[in-house]
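Undergrad: below: sequence and its predicted model.
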Amino acid sequence: MSENIINFAEASQIADQVLFEKTGKHLTDLELIIFRGAWDNQTYEKMAVNTDYSASYLHRIVGQKLWEKLSEALGEKVSKKNFRAALERKLRENQVTANQPTNQSINLDATEEIYVERPPLESRCYEALSQPGSLIRIKAPAGMGKTLLSLRMLEGIASQEYRSVYLNLNLAAETELSNLDKFLQWFCVIVGKKLRLKNQLEDYWDERYSSSTVNCTEYFEEYLLPAEATPLVLCLDEVDRIFPYHQVAEGFLGLLRAWHEDAKISETWKQLRLMVVHATEVYIPLNINQSPFNVGVPVELPEFNPEQIRDLAGCYGLKWHREQVNQLMAMVGGHPQLIQQALSQLRVYENVSLDRLLADAPTEAGIYSHHLREHLLSLQKHQNLLEALKEVVFASNPIRLDSTIAYKLQSMGLVQMQGNDCSPRCDLYGKYFRDRLGS
């Protein structure tokens, strides 16, 4: 290379290439915004003006992660201040390689999902978790990316030196769910273990004089929360697991609400920030003042839009135009999991065309057969839901159902609401269930 200083096009190209070689992923649109802004010596406040994100989110989550990834890819410490020089050194070392197009296939496991930014969700969640005693409620049907979003938030908040615990309630065995006392003991022990703290339950659990909710509260208030002088972000995923166990659900959900309320007056409880993640509605009677589902910050995940799907196809090595995106969306809408499953299949099996995949999609021979059979088996356990969905898929126009049934089908991700009326969420479900439920 000549002695000319590296220009933006060269810098962005080499940055994208080294990241792709290291991670199998290109610079995201948001990372490019930060890269361009840093190149122009902009502050994060200036960068945030034309985005849906806050300056602190761009700085502490996306920006910091970008510099960390570049540091790892380049083998030297990279920051907003020195990235130009680092990239120029890399380009000088390997000019030929840097200017060649990258045609490598992405090293992804067939079941691995790529996280897709859906602004301003990430910024909104991050800002909420930065607030003392906050509570975030993430609700969406299965496959919409709830867990990926929550894990992304935990990863980002770690840069603030917060403690974090991710707990999937599917880990709770039937024995733990048999009564509230057993469940709360299990809950305290597993959270402590994830924080790498010794089990001190015997010192706090007094079955003679205190209720289990009081014991659990004291364990957190006197032991788990004060263990370190840093906030604790506790993500509770698959909270639906406890809904069928009314005693446990009422006691535990009421406890979460009480802790959230205590944070308004208690410095200790301000240290706790909660993420409650669930797919379905809770259909047990909860006192309005005891439910965590009417407080905090509600988050619902939208489907992918065409631009996101086209960019995602590129991450899978597929050079798609709008026509292919529209074809796939006509079958599965913007459902994140179904979209990624199709893209993964097309990447792995190059002899399978998009037309062939879509033709087989709503059949037992298609890639979604397991997903569809699971829904069918779930519906067969609830005849009222099965009959209601049958009405929906055979109706020529959206129809009105009993509100509870409608919301249950919506929570399963099978229908979409248009006002008070229901229609199949996408052609995949309409075609499959018309065939399976036809007389």
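TA: Now that the structure is in, tell me what you want to look at.

Undergrad: break the protein into its domains for me.
TA: The record assigns the chain these domain ranges, following automatic domain parsing: 8-98, 121-300, 306-360, 370-437.

Undergrad: okay, how far is it across the second one, tip to tip?
TA: In domain 121-300, first residue to last residue: 9 Å (C-alpha to C-alpha, to the nearest Å).

Undergrad: E113: which of the domains of the chain is closest?
TA: E113 lies closest to domain 306-360 among those, at 5.1 Å (C-beta to C-beta). Yep, even glycine has a C-beta here, placed from its N, CA and C like the rest.

Undergrad: next, the distance between the ends of the closest one.
TA: Terminal residues of domain 306-360 lie 22 Å apart, using C-alpha to C-alpha.

Undergrad: can you check stretch 127-134 too?
TA: Distance between the two ends of stretch 127-134: 10 Å, counting by C-alpha to C-alpha.

Undergrad: tell me the average confidence for it?
TA: Average pLDDT, stretch 127-134: 94.

Undergrad: columns distance to I114 and mean neighbour count on top of the domains of the chain, output as CSV?
TA: What follows is the domains of the chain, written out as CSV (distance: least, C-beta to C-beta, whole Å; neighbours: other C-beta atoms under 10 Å):
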stretch, distance to I114, mean neighbour count
domain 8-98, 7, 17
domain 121-300, 9, 18
domain 306-360, 5, 17
domain 370-437, 19, 17
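
Undergrad: among the ones you listed, which comes closest to Y115?
TA: The closest of the domains of the chain to Y115 is domain 121-300. By C-beta to C-beta, the value is 5.2 Å.

Undergrad: just say helix, strand or coil for R137.
TA: strand (DSSP: H, G, I helix; E, B strand; the rest coil).

Undergrad: shouldn't G37 be in contact with K46?
TA: Yes. Contact between G37 and K46 holds when scored by C-beta atoms under 8 Å: they sit 6.6 Å apart.

Undergrad: S164 belongs to a helix?
TA: No. Counting by three-state DSSP, S164 falls outside a helix, being strand.

Undergrad: mind pulling up the pLDDT for it?
TA: Per-residue pLDDT puts S164 at 94.

Undergrad: now it, which residues is it bridged with?
TA: Beta-bridge partners for S164, by DSSP bridges, are V233.

Undergrad: pLDDT wise, what is I5 at?
TA: Reported pLDDT for I5: 57.

Undergrad: do the same with the one 10 residues further on
TA: The predicted local distance difference test score for A15 is 87.

Undergrad: pretty sure it sits in a helix.
TA: Yes. Counting by three-state DSSP, A15 falls inside a helix.

Undergrad: got the contact list for the residue lying closest to it once chain neighbours are set aside?
TA: In space, and not counting its chain neighbours, A15 is closest to L87: 5.9 Å by C-beta to C-beta, 6 or more residues apart in numbering. L87 makes contact with I6, E10, A11, I14, A15, L74, according to C-beta atoms under 8 Å, 6 or more residues apart in numbering.

Undergrad: since that was my last question, I'll sign off now.
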